[in-house]
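Asker: Here is the input, now give the coordinates:
(chains A, B, C and D)
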Amino acid sequence: MLRAPPFNSELEDFRHTVREFIRVNLPDHIRQQVAAEKMDLPREDQVCWHRILRDNGGWCCPAWPKEHGGPGWSDEQQYVFEQELALGNAPRLMIYGVGMLGPTLFEYGSEQQRERILPDILNADTFWCQGFSEPGSGSDLASLNCRMTPDGDEYIVNGSKIWTSEAHLADWIFGLFRSSVEARKQQGITFLLIDLASPGVTVRPLKIFEDTHEVNQVFFDQVRVPKENVVGRLGEGWEIGKYLLSLERFGTAEVSRTKATMQRLTELAFAEIPGGTRLIDHVDFAERFCRAERALHALEMTERRILLGDQRAESIGTGASMLKIRGTEIQSDVFRLTAEASAHFAHIDIPRSQAGCHSDSPYQPGDAARNYFNYRKTPIYSGSNEIQRNIIAKLELDLRS
Amino acid sequence: MLRAPPFNSELEDFRHTVREFIRVNLPDHIRQQVAAEKMDLPREDQVCWHRILRDNGGWCCPAWPKEHGGPGWSDEQQYVFEQELALGNAPRLMIYGVGMLGPTLFEYGSEQQRERILPDILNADTFWCQGFSEPGSGSDLASLNCRMTPDGDEYIVNGSKIWTSEAHLADWIFGLFRSSVEARKQQGITFLLIDLASPGVTVRPLKIFEDTHEVNQVFFDQVRVPKENVVGRLGEGWEIGKYLLSLERFGTAEVSRTKATMQRLTELAFAEIPGGTRLIDHVDFAERFCRAERALHALEMTERRILLGDQRAESIGTGASMLKIRGTEIQSDVFRLTAEASAHFAHIDIPRSQAGCHSDSPYQPGDAARNYFNYRKTPIYSGSNEIQRNIIAKLELDLRS
Amino acid sequence: MIDQSTFEQQSLIEDAARRFLEKNYSFEKRREIIAEEPGYSTDHWREMAQLGWMLLPISAEFGGLGGSTALVLTLLKEFGRTLYVSPYLASAVTSARIIEKMAARPVGQQILEKIGSGEVIVSPAIYEPQARYDLNNVATTASTARGAILLSGAKTAVLYGNAASHLLVLAQNAGNHESHREFSLHLIPKDTEGVQLTHYRTHDGARASDVKLDNVESRDPQMIWQGEQTLTEISQAMNLANAAISAELVGAMEATLELTLDFVKTRTQFGQKLSSFQSLQHRLVDMYMRCQMAESLSRETARAIDSFRGAEQDIMVSAAKCEIARAALLNAEEAIQLHGAMGMMDEMAVGHYLKRVFSLSLLFGDADYHQARYRSLRLKAAS
Amino acid sequence: MIDQSTFEQQSLIEDAARRFLEKNYSFEKRREIIAEEPGYSTDHWREMAQLGWMLLPISAEFGGLGGSTALVLTLLKEFGRTLYVSPYLASAVTSARIIEKMAARPVGQQILEKIGSGEVIVSPAIYEPQARYDLNNVATTASTARGAILLSGAKTAVLYGNAASHLLVLAQNAGNHESHREFSLHLIPKDTEGVQLTHYRTHDGARASDVKLDNVESRDPQMIWQGEQTLTEISQAMNLANAAISAELVGAMEATLELTLDFVKTRTQFGQKLSSFQSLQHRLVDMYMRCQMAESLSRETARAIDSFRGAEQDIMVSAAKCEIARAALLNAEEAIQLHGAMGMMDEMAVGHYLKRVFSLSLLFGDADYHQARYRSLRLKAAS
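Answerer: Predicted structure coming up:
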């Protein structure tokens, strides 16, 4: 097997501590959902795990400094921590509040905003979601159209946001809104926080072709928002948004999550099949399996070079785009492979417990194919892979159109 | 093995006749050069084989009507004939005179031009080459710049043509020249015939990275050309050129040539290696071999649908582009596979006769890799595959830019 | 290449199927049908029987229409275009062909008639959970006791087992030696004692079942075949089934391309139609070319089934299935990607094409299986 | 991850190599050198020896500099960037490492010193024409007669056999049983009686030879190793060689991308720079990403060679070689295609990169070989 190089012994000790903590403290019913690649965990499970981590020195917010209740870890520690979460089948961290709004407020927020908002994120008292995309402006953010109009001490917001993950679970939304139509498209955009309980807000679920409820459309009809909810300056939203997307794109490579998926596939591939042949002994499957393993290792080592690299490391800017592209491509490949691995079992659209004569088989009915379908989304979301290729072409290769 | 369906018995009898004729009449030294994938046959060998075919009822010009000395064959007969040439390792027909200028003159030439020119092509007394591309206008033909200026009964031609195959063997060149700069780019182009022996013509060989001499740059410096050498109307060149390229693109799919190459690879793959393992018993090679075989069969059947199809056949126009793309892609794959098949022998840049201890090996030193390199040209020439994709996007899928 | 009458017959079938599906099987209508049991429309089923479609694959000798394979595939391709799901593939194509191959006995002829009239639905119970796609791996046993044959074992992926009246069960004789194995095929009414079915919905909205057999009696006329040729004949019948699946996949590919073209021509991004981006254009061209190549291979399977037996038929069917399954899956994935986030919406058809194409690509042997089968046949062929 | 001193050493080597090659090895100069015998520059060879580069891969214990594998690969990558050809890989990397692995005897130590000073060139004569890339397939025999060992057989792809003073010959003891085979390794001066070489130019402008051995005497000190571990040790040495080749390939990939970017940014078609066409942009991005992934794998081989022995080293080297060889070939093909007809011209470097990349990709095991080796090792590893 291809193994990533160990870190120094201090970090490897840290890894061991994290691994043990997860093994002992992660509730089984949550672990099982994650191991089944479920992305839409119920809010109560997310909160439960978040608070377990919080109570252990603020591990719930690994990138936060100590002054705000985080553990104050180094980049390497954060990297190892996120790896261990994935490999231990722990839920993803709360991306919107912890991973995105937090760092945004450190960088652009007012003191007052930090004091008001950060503790509620740390304690999981407030759930956040993100409002970027709009109907008709998917990857083309500069064209967004959801309007905020000043009215006394408030703004009045009208329009809608789409593909809003977890809006149905959330209390608040942060996002980009159009504050001016006169300026250059990118300049008239402002970063605003809105209480979803405000009158005039409607959250409508969007059904994706896998039956999970993950995304929504959020409608704003004359929603009144206090002016103090603007983060940064008026019209500075485009810049903040870019900063924020750059944070998001690292997560989207999902290297360690894919490693965990691959680990499950490995167990399946090497499992003895009573009366049958091990999957790994089918050479055509084996070759595709090996290919995925090699691609994933190349990706992981590239991720390390970019995130933790020596002084020769490539520019981190387009590195994020590369990790997003290759990460989601490989993730899709691994899910397809896992689905195909299950053969007849892949068809079945019910949980194992209801399946017929398969109780003694290592194959999972249902989930493998469902995940394959569902994870078609990762090459699309968070800036489609086409957009990421445009970014690399322009910024890394200096190709102009 | 995947076998193409037989035609009706009449056509299969015809195939048998052709096959026998080639077997008996094709000189060995020519057959061997073709079997080694040599494209740049000496003129004398081309003439020799051409005349053997001519003396057998005008087979040298399979698409020509009887009145001009051709055999007057049906589409099916022509198709079978070209297949058998390829499978029998016979040289390609003389594409420029026989395949391109001939049909152009049937369609656009004057009676006088037909009488003057066609017999010399039929008898291989005159060798033709084609002048389309110019430095700086590769696939972008409309931008061509080689000028013809009227002067009494003549035109004076200045400029140069590039990538001119076989110009060093040829007596005459036909091509597209700019007769007017005022008109829309496509309108000021005229189809003209030029005697390469005219004062002011220089043919300079272009060395391609395989050492074969196949292409040239042809320079025109105040070259005087009689006005009667214009084919069609003045300014009609663009239309004639399009007609002509459509003829060329069918040839460029090279399906039967690739089948012949694949047949040679098959022999190699199944050959016993004294003291070693048959190539086909290496599963990774075997799979790539099988994949090429399947792709080639799909291509061949698609070619039949397009060229000889029933009434449901797709539009023949973009069919040519598709055959060009897939044909050259598969051809390149097969050459790469053949080169890799030869392992250590592939490196050797000398003919077998000079090789050391390999005399008892079925592998060919040298040629396999040389052909792999050389055939990188086919996805580029005759309208690059990128241009062909643009054509399909626009004409077949109605995608506008 | 193709004679005129065949061409005309194909056009007739194609037109009839297209009219039928346009009228009865809009995307909305499909959603309603698959949401409810039995997961297909029994009204359609009757109408299709009246149109004679179930007689199409059955040879004239057994009272069918004896349509050429090309005709059968024409119909299936239209099913593929609209994501049509029903027990047609299981009963009228696969079971009918298996029975025909072995119908030396009257029971076979009687059931063929009823399949042809749509009166009964027979689903093949061939594959087993431990066997993957290997037809030779049969753990279900047939043993003789008390004057009857008793079948015991487990079967999986029994298509529309919920709707079937009979199962066609493949078993191996108990006590066989590895060197000489005997197989038999049994027509078992579903309500026979000891037959236990678990039904489930499949991802593409169709239905299938797992079957457990616990000392199920197969009395004399129910064993419709026994002998050395059993597996060979079943394998030939599965060739037709795989050719049918390949044709469905080609239909799905065509439809997927069409709806993606429609989408990119209307959708705007960065102030331009999506269709104007050259990199997307070239990917659509590649999708188009894969459709064309798949169509060519699919037509070849029809010829192979009508003209050859044995290895020459096997190799062509496996060539087509592995290439078409891969191409169809890749095209469906590309189609979703070109749709962007809209491609993930349940209301858009494109995601449902991915699901159907995925299911079909696995059915009766996935691309890997047919790739390996091709390679193994190819190695045996003379160079 | 990487300690500071390693990083600085790598920068030093990289700078030195780049200066050396820029000064001495322009594309034009290269053409002159490879056009003439012996197919590399003996002036460079002396200068490189003075710079200590030949001592770099040799461990301090044997008088070398004992550079880490990362340092050796840094140098090779620079060679790859400029298409540098010489006997360096054969002698200073491969032969030196083989001898080091087995240099329990004084003869090995003496020859290592001379390799390190550039005084002698030793070329490995390991592979045989019937064996493809299988190190276990050795038909060359070693038999004892008249107090000497006599070697007979044939070797192929002996790099720069024209320039070598010695060959390192792998042989199998005559009369071995299949179940217990013994191998030995011999250092044979090229002018020994019975050694017959046929030299040839390779497609990438380098040189190689076929060797016939006809009762060639190997007197006592020439047999530098005999024993069960022979193949294992050679296989480990070939891991370093393959890591070196992979690094050269990565260098060639980088250079190919750079020259293609330069080309598309200056070349105009349809009134636009080629670089402005989106479909070409996306293909260039894919080339770029393949470079980056290849670089990551290449660095991993350095770690594997310095940290592991046996399977864990083998699997990483084979992973890198098969992935990098495929990627490099694909990138070179894409580079030519993006150049259009200009890409076929001998005066353009791009075609020569294809040739070099092709040669390197086959050397000491092609992508298929390493793919199969990876798979077989993977199957043996615990899940």
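Asker: Quick check: C:S184 touching C:Q229?
Answerer: No - counting by C-beta atoms under 8 Å, C:Q229 is not a contact partner of C:S184; they are 11.4 Å apart. (C-beta placed from N, C-alpha, C; glycine too.)
Asker: Settle it for me: which of the two has more neighbours?
Answerer: Per other C-beta atoms under 10 Å in any protein chain shown, whichever of C:S184 and C:Q229 has more neighbours is C:S184, with 20 against 14.
Asker: Bridged to the more buried one, which residues?
Answerer: C:A171, C:Q226 (DSSP bridges).
Asker: Distance check, it against C:L170.
Answerer: Counting by C-beta to C-beta, to the nearest Å, the separation of C:S184 from C:L170 is 8 Å.
Asker: Go through chain C and flag its longest helix.
Answerer: helix C:230-266 (DSSP state H).
Asker: That one: what's the following helix or strand?
Answerer: Note on helix C:230-266: by DSSP states H and E, the next helix or strand toward the C-terminus is strand C:268-269.
Asker: which helices and strands sit right next to that next one?
Answerer: If you count contacts as 3 or more C-beta pairs under 8 Å, 6 or more residues apart in numbering or on different chains; DSSP states H and E, strand C:268-269 packs onto no helix or strand.
Asker: what distance separates it from the centre of its chain?
Answerer: Counting by C-alpha atoms, centre = their mean, to the nearest Å, strand C:268-269 is centred 39 Å from the centre of its parent chain.
Asker: next one: stretch C:295-302
Answerer: On C-alpha atoms, centre = their mean, the centre of stretch C:295-302 falls 15 Å from that of its chain.
Asker: hang on, the earlier thing: gap between the longest helix of chain C and the chain center?
Answerer: 9 Å.
Asker: and what of stretch C:263-276?
Answerer: Relative to where its chain is centred, stretch C:263-276 has its mean C-alpha point 37 Å off (C-alpha atoms, centre = their mean).
Asker: before we move on, the earlier item: what's the overlap in contacts for C:S184 and C:L170?
Answerer: C:T230 (C-beta atoms under 8 Å, 6 or more residues apart in numbering or on different chains).
Asker: Give the residue spans of chain C that score low on pLDDT.
Answerer: C:1-4, C:103-105, C:382-383 (pLDDT under 70).
Asker: how close does the residue lying farthest from the centre of it get to A:G152?
Answerer: Of all residues in chain C, C:G271 sits farthest from the chain's C-alpha centroid, using C-alpha atoms, centre = their mean; the distance is 44.1 Å. Counting by C-beta to C-beta, the separation of C:G271 from A:G152 is 35 Å.
Asker: go on, A:Q331?
Answerer: 48 Å.
Asker: Neighbour count for these two, which is higher?
Answerer: It is A:Q331, of A:Q331 and A:G152, that has more neighbours when counted by other C-beta under 10 Å, with 24 against 9.
Asker: How about the stretch 101-250 of chain C: which residue is closest to chain D?
Answerer: Nearest to chain D in the stretch 101-250 of chain C, going by C-beta to the nearest C-beta, is C:R132, at a distance of 17.8 Å.
Asker: which ones are touching that residue?
Answerer: A:G276, A:T277, A:H282, A:A343, A:H344, C:Y369 are the contacts of C:R132 under C-beta under 8 Å, 6+ apart.
Asker: Can you get me a residue count around the third one?
Answerer: Looking back up the chat, that one is A:H282. So A:H282, with other C-beta under 10 Å, has 20 neighbours.
Asker: Over to the fifth one?
Answerer: Counted with other C-beta under 10 Å, residues neighbouring A:H344 total 25.
Asker: nearest spatial neighbour of it, skipping sequence neighbours?
Answerer: C:A157 (4.1 Å; C-beta to C-beta, 6 or more residues apart in numbering or on different chains).
Asker: which residues touch that neighbour?
Answerer: Contact analysis of C:A157 by C-beta under 8 Å, 6+ apart lists A:H344, A:H347, C:Y127, C:A208, C:D210, C:L363.
Asker: Name every strand pairing with the host helix or strand of it and say which way it goes.
Answerer: Using DSSP H and E, C:A157 sits within strand C:148-159. If you go by DSSP bridges, strand C:148-159 pairs up with strand C:141-145 (antiparallel), strand C:207-218 (antiparallel).
Asker: Could you pull out the helices in chain A for me?
Answerer: Counting by DSSP H, the helices of chain A are A:9-25, A:28-35, A:43-54, A:75-87, A:102-108, A:111-122, A:237-251, A:255-270, A:283-308, A:316-341, A:344-347, A:367-374, A:385-391.
Asker: and the first one, which residues are buried?
Answerer: Residues of helix A:9-25 classed as buried: A:F14, A:R15, A:V18, A:R19, A:F21, A:I22 (neighbour count, 16 or more other C-beta atoms under 10 Å in any protein chain shown).
Asker: now those residues in CSV, with pLDDT and distance to chain C?
Answerer: Output for these, formatted as CSV (pLDDT from 0 to 100; distance: C-beta to the nearest C-beta, whole Å):
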residue, pLDDT, distance to chain C
A:F14, 98, 38
A:R15, 97, 35
A:V18, 98, 33
A:R19, 98, 34
A:F21, 98, 35
A:I22, 98, 31
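Asker: got TSV for these, with distance to A:K38 too?
Answerer: Shown next, in TSV, are the buried residues of helix A:9-25 (distance: C-beta to C-beta, whole Å):
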residue	distance to A:K38
A:F14	28
A:R15	25
A:V18	22
A:R19	22
A:F21	22
A:I22	17
